[in-house]
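Visitor: Sequence plus predicted model, see below.
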Amino acid sequence: MTGRAPRAPLGWLGALLVLYLLIPLAAFAIRLAGSHDRGFGTPGLWDAARISALSATISTMLIVSFGVPLASWLARSRGRLGTVVGLIVQLPLALPPLMSGIILIYVVGPYTRVGQLFDGRLTDSIAGIVLAQSFVAAPFLVISARSAFESVDPALDDLAATLGHRPLARFTRVDIPIAWPGIRAGMLLTWLRAFGEYGATVLLAYHPYSLPVYTYVQFSGYGIPTTQAPTAIALGIAVVVVLISRIRRFGRRRPQAVLPEPMEPRPAPPTQVTFDLDLHVGSFHLEIAHAAQSHRVAILGPSGAGKSIALRAIAGLLGSRAGAVTYAGQAVADTATEARQVGYLPQTHGLFPGRTVWQQLLFATEADPNAASWWIHTLQLDGLQDRLPEQLSGGQRQRVSLAQALSHRPRLVLLDEPFSALDAPVRDELRRELRRLQHETGLSTLLVTHDPEEAALLADEIIVIDEGRILQAGPRAQVYNRPASPQVARLLGIQNLHPGVVTAGGEVRSGAAPVAAYTAGMPSGTHVLWSVRPEHVRITPDGAYPATIVDVADIGTSYALIVRLDGGPELRVRTIESIALRAGDACHLALAPNDLTVWPAPDEPAAG
Ligand SMILES: Nc1ncnc2c1ncn2[C@@H]1O[C@H](COP(=O)(O)OP(=O)(O)OP(=O)(O)O)[C@@H](O)[C@H]1O
């Protein structure tokens with residue numbers, strides 16, 4: 001038994017509809033084949049067909065010129081205005097075309113002001129036909145193009161801005177190519193709808209005859225046999241246009257890239273960033289300020305802390321009102337992103353669909369082909385230059401993104417969780433690679449991550465943020481060894497974090513176990529949190545703290561143990577020394593007071 005629902009009844013329902021659509025077409029074709037005189041020589045027929053084709057083409061061109069920018073705006077607009085405009089655009093679709101004709105007469109009819117400007121000749125002319133067709137057919141283009149633009153990832157627009165492209169270039173070189181299949185389908189539908197338009201046209205422009213008006217005139221004057229030829233023409237055209245809309249560009253051949261001589265780019269001078277940001281995105285308020293002392297900085301924080309918003313603001317993608325930003329002492333708040341010379345790796349991989357690896361690398365306005373060739377080689381992308389994004393693995397895509405960001409010699413590279421979607425071995429490999437580049441080429445980087453290990457590997461200076469505020473900022477060693485608060489300790493992934501109380505002797509009692517620590521300035525009885533890094537807990541016979549082994553795991557390069565302090569909490573221990581102990585064995589721990597960090601518990605007022 002497969003457990004699948006039987007599909008036959010659904011299939012039959014669909015087949016009935018297909019029959020209903022097919023039978024009239026077939027009946028017409030049979031009648032046409034059996035006729036003596038099909039009327040293809042009737043006077044006026046071909047003129048009417050020509051006028052319909054001409055006016056539909058003009059209408060479509062007009063609708064595309066105005067409708068594509070409108071659809072792009074509608075796809076991005078979130079406000080009430082966008083909703084209202086979206087409804088207005090759809091209205092002609094919901095209105096009977098005859099009524100659309102009546103409405104148009106009130107605006108451009110011979111006795112209106114607009115009509116009189118043209119001596120009443122706007123109607124009953126090709127212009128009148130175009131006006132009627134455009135009104136009725138415009139929604140088809142706008143609706144289709146709008147949903148096509150909605151599928152364009154806004155991060156690609158941001159990426160193109162960091163690669164030096166201005167808004168118009170981003171529209172024509174990023175948005176239009178990606179949305180093109182939807183725009184093309186909308187154009188063909190629009191043309192067909194305009195070509196077949198009758199209701200609005202017959203009221204607004206009875207003359208010259210368009211094909212549908214001509215057909216009605218023939219029908220009412222001479223009966224149905226005389227309508228065979230125009231119907232056959234319309235049917236033939238519909239079939240051709242529908243077939244055109246189905247044509248895919250199978251296996252389009254792209255020229256193979258010939259890579260120029262690789263040439264190592266001159267390294268950009270180290271760039272330290274200063275920022276003082278104060279901005280709202282929706283209901284989220286980001287207010288952070290920092291002057292970096294290093295050119296390898298990480299912003300670390302949990303999901304939703306405001307890391308990506310901070311990075312986008314520093315890149316200039318949120319406008320000049322986001323706050324003050326300087327790169328190497330130079331104020332850039334009023335400089336557009338495209339002129340800031342930054343490299344950017346957005347959270348989702350930033351590659352442009354339909355472009356080969358080589359085309360991605362040369363996409364920046366100031367891309368240097370020799371440098372691009374060098375990055376292909378350095379980032380181990382040799383042989384992949386003619387591949388499209390979908391023909392690459394996740395790790396290769398991130399390498400291409402990195403190469404793309406570096407090929408225009410950015411002064412600062414902004415990385416938004418660049419490796420988070422990759423599996424552990426590929427992530428480790430790419431982190432190592434980036435670290436190597438940082439050290440070998442002096443690359444200036446600002447990394448956003450929620451992973452403390454990644455921040456420690458790729459930055460000399462760490463800014464810890466949460467809920468749009470800085471919790472701690474400073475050199476890596478200082479932040480990791482002396483987290484300013486338990487919250488920072490948790491965000492840094494510090495594992496041994498336990499509650500305790502300061503004793504009269506200045507120790508910390510955790511459970512029943514007193515632990516020696518520096519608690520200067522904290523009165524006896526203060527509730528605290530204390531922590532010690534797993535690699536700072538030593539198991540040694542002369543240790544001061546009796547304990548019991550709970551678990552020992554051999555993790556290849558080291559041992560990870562869980563040990564319970566007698567009368568106290570469990571501690572994680574990490575050691576590279578060979579361990580002969582097993583779960584349940586007694587042991588002793590050595591904990592240096594220097595290695596312990598103690599904070600007043602969050603609800604305790606800070607002492608000292
Ligand atoms: N366009 C937006 N409109 C409204 N709120 C937004 C918008 N973009 C982000 N936010 C909100 O701002 C906050 C910070 O978002 P941000 O993307 O900077 O977080 P993050 O720290 O990068 O998180 P993650 O690690 O999950 O990417 C979140 O609460 C988010 O919901």
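Guide: Received the coordinates, thanks.
Visitor: Quick one: neighbours of the closest residue to the ligand within the stretch 151-300 of the chain, just the number.
Guide: Closest contact between the stretch 151-300 of the chain and the ligand, by C-beta to the nearest ligand atom, is at G282 (2.5 Å). Backbone N, C-alpha and C define where each C-beta goes, glycine included. Neighbour count for G282, taken as other C-beta atoms under 10 Å: 6.
Visitor: Kindly report the same for S308.
Guide: S308 - counted by other C-beta under 10 Å - has 17 other residues nearby.
Visitor: Of all the residues in the stretch 451-600 of the chain, which one is nearest the ligand?
Guide: Residue of the stretch 451-600 of the chain nearest the ligand, by C-beta to the nearest ligand atom: G468 (7.2 Å).
Visitor: which phi and psi does that residue have?
Guide: phi 80, psi 10 (degrees, to the nearest 10).
Visitor: same thing with F275?
Guide: phi -150, psi 150.
Visitor: In this structure it contacts V297, no?
Guide: No - with contact defined as C-beta atoms under 8 Å, F275 does not reach V297; the gap is 10.3 Å.
Visitor: more crowded one of these two?
Guide: Shown here are F275 and V297; by other C-beta under 10 Å, V297 has more neighbours (25 against 22).
Visitor: Test my guess that the more buried one contacts T274.
Guide: No - counting by C-beta under 8 Å, V297 sits too far from T274 to count as a contact (10.8 Å).
Visitor: Burial check on the nearest residue to Y344 once chain neighbours are set aside, number of neighbours?
Guide: Nearest residue to Y344 in three dimensions, chain neighbours excluded: T162, at 3.9 Å (C-beta to C-beta, 6 or more residues apart in numbering). Residues near T162, counting by other C-beta under 10 Å, number 27.
Visitor: Could you pull up the residues touching T162?
Guide: For T162, the contacting residues are A315, L317, T337, E338, R340, V342, G343, Y344, A405, P410, L414, by C-beta atoms under 8 Å, 6 or more residues apart in numbering.
Visitor: What about whatever residue of the stretch 351-500 of the chain ends up closest to the ligand, how many residues nearby?
Guide: Of all residues in the stretch 351-500 of the chain, H450 sits closest to the ligand, at 5.2 Å by C-beta to the nearest ligand atom. Using other C-beta under 10 Å, H450 has 18 neighbouring residues.
Visitor: How about Q228?
Guide: Q228 has 20 nearby residues by other C-beta under 10 Å.
Visitor: Next, the closest residue to it other than its chain neighbours: secondary structure please.
Guide: In this structure, Q228 finds its nearest non-sequential neighbour in R38, 5.1 Å apart by C-beta to C-beta, 6+ apart. Secondary structure, DSSP: H, G, I helix; E, B strand; the rest coil: R38 is coil.
Visitor: which residues touch the spatially closest residue to G301 that is not a sequence neighbour?
Guide: With C-beta to C-beta, 6+ apart as the criterion, G301 has its nearest non-adjacent residue at 4.2 Å, and that residue is I465. I465 makes contact with I288, I299, L300, G301, A305, G306, K307, A310, L471, according to C-beta under 8 Å, 6+ apart.
Visitor: If you tally nearby residues, what's the number for L402?
Guide: L402: 24 neighbours (other C-beta under 10 Å).
Visitor: swap in S294?
Guide: For S294, using other C-beta under 10 Å, the count is 17.
Visitor: T356 touches R387, doesn't it?
Guide: Yes - counting by C-beta under 8 Å, R387 is a contact partner of T356 at 6.3 Å.
Visitor: Which of those two has more residues huddled nearby?
Guide: More neighbours surround T356 than the other of T356 and R387, with 21 against 17 (other C-beta under 10 Å).
Visitor: what's that one sitting at in phi/psi?
Guide: According to degrees, to the nearest 10, T356 has phi -70, psi 170.
Visitor: now do D466
Guide: According to degrees, to the nearest 10, D466 has phi -150, psi 140.
Visitor: for the stretch 1-150 of the chain, which spans come out with low pLDDT?
Guide: Applying pLDDT under 70 to the stretch 1-150 of the chain flags the ranges 1-7.
Visitor: Please repeat the previous calculation with a cut-off of 80.
Guide: Applying pLDDT under 80 to the stretch 1-150 of the chain flags residues 1-8.
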